[in-house]
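Trainee: Okay, here's the prediction I keep looking at, along with the sequence it came from:
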Amino acid sequence: MNWDDLKYVLETVRHGGTSGAARALGVNHATVARRIAAAEAALGARLFDRLPGGYVPTEAGFDAVATAEEMAALQHRLDRRIGARDTALQGRLCITAPELLFQRILAPICADFIAQHPEIDLQLLATNENVNMAQRTADVAFRFSANPPEALVGRRVLATQASVYAHRDLIAQDPGGTAPLDWVRFAHWPGPPPEVTEVRPNLRQRFTVDDMTAAIGAARAKIGATRMACFLGDTDPVLARVPGMPLFPFRPLWVLTHEDLRQVPRIRVFMEFAVQRLVALRPLFEGHSAS
């Protein structure tokens, strides 16, 4: 059989149907259906039941998917090993980082690196999600994490801290103490930590968000105060720390790559460059740079 046909079987199961597989593979629906039919003809087995609700894998289909996943893992392993032999300071280098970290901190670092290494095609995948480094989705990851994945290697660059921030105008009008303080809460957090309520016992919940970008937007719009990492709050021109609020431990920042790629020159050079620049910003991340 054409082993490439198994990719279409695998993606159909991963994405719950041929439409999702077509989007993932960059082809049309008919191509996915045709390649699945070719795989079934070559194997002499039905891999999917065609039901009104879509393609449902049979037992043979699940067996085919397991084999396809093993083949994909072997291909990615080969890609990493071949890539690790690359000795030139040129070519594609994809980094992944949270969008706000790139916006506030990494953008000028990347700009300086590009100026020094114009032959390296630097690319960014801006996301808070963990990407699959084993599949070379990205070569270098910047992540805030207490425990990074074991398959990745790198350096714990900085300890980071957070505090409570609000719009400067809101703070100027705030009498402090037991006066009410409007609060922007995160949907996935249980509520303000006791260290905050000890300083400001009369918090009034005004707005709920599920994303740090939204929380910053709410604070900038004077909806209320909220907790955020110091590297975000202290670099925002319209925000300031609420007086009397303590610092809170935040997840440390790591710079990571896959263990098979750590000696690739362009990856090693970029990681060393970024780490050096980040370490110079230690006071900002640790919350000691605010005026």
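Mentor: Great, that's in hand.
Trainee: For the spatially closest residue to residue 203 that is not a sequence neighbour, give me its contacts.
Mentor: Setting aside the residues directly before and after it, residue 203 is nearest to residue 183 in space (Cβ to Cβ, 6 or more residues apart in numbering), at 4.3 Å. C-betas here are computed from N, CA, C, even on glycine. For residue 183, the contacting residues are 192, 203-206, 224-226, by Cβ atoms under 8 Å, 6 or more residues apart in numbering.
Trainee: Turn these into CSV, including neighbour count, distance to residue 278 and secondary structure.
Mentor: Listed next are these as CSV, based on neighbours: other Cβ atoms under 10 Å; distance: Cβ to Cβ, whole Å; DSSP: H, G, I helix; E, B strand; the rest coil:
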residue, neighbour count, distance to residue 278, secondary structure
192, 20, 29, coil
203, 18, 33, strand
204, 10, 37, strand
205, 12, 35, strand
206, 15, 34, strand
224, 21, 31, coil
225, 28, 28, strand
226, 26, 25, strand
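Trainee: Would you format those residues as CSV with distance to residue 18 and pLDDT included?
Mentor: Formatted as CSV, the entries for those read as follows, by distance: Cβ to Cβ, whole Å; pLDDT from 0 to 100:
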residue, distance to residue 18, pLDDT
192, 48, 86
203, 51, 94
204, 51, 93
205, 45, 92
206, 46, 92
224, 47, 96
225, 49, 96
226, 44, 96
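Trainee: quick one: secondary structure of the residue nearest to residue 203?
Mentor: strand (DSSP: H, G, I helix; E, B strand; the rest coil).
Trainee: so it bridges to which residues?
Mentor: Per DSSP bridges, the residues bridged to residue 183 are residue 205, residue 225.
Trainee: Show me where the stretch 1-150 of the chain has its strands.
Mentor: 48-51, 54-57, 91-97, 120-126, 140-144 (DSSP state E, counting those that start in this stretch).
Trainee: Distance check, residue 33 against residue 27.
Mentor: According to Cβ to Cβ, to the nearest Å, residue 33 stands 10 Å off from residue 27.
Trainee: elements contacting the top helix by length along the chain?
Mentor: In the chain, assigned by DSSP state H, the helix with the most residues is helix 59-83. Here helix 59-83 touches helix 5-14, helix 29-43, going by 3 or more Cβ pairs under 8 Å, 6 or more residues apart in numbering; DSSP states H and E.
Trainee: tell me the angle it makes with helix 5-14.
Mentor: 110 degrees (axes from the mean of the first three to the mean of the last three Cα atoms, to 10 degrees).
Trainee: What lies in contact with helix 59-83?
Mentor: Identification of contacts with helix 59-83 by Cβ under 8 Å, 6+ apart yields 3, 6-7, 9-10, 13, 39, 43, 45-48, 57, 134-136, 258, 260-261, 264.
Trainee: Any of those buried? List them.
Mentor: 6-7, 9-10, 13, 39, 43, 47-48, 57, 134, 136, 258, 260-261, 264 (16 or more other Cβ atoms under 10 Å).
Trainee: Neighbours of the residue nearest to residue 42 when sequence neighbours are not counted, how many?
Mentor: Closest residue to residue 42 apart from its sequence neighbours, by Cβ to Cβ, 6+ apart: residue 1 at 3.2 Å. Using other Cβ atoms under 10 Å, residue 1 has 12 neighbouring residues.
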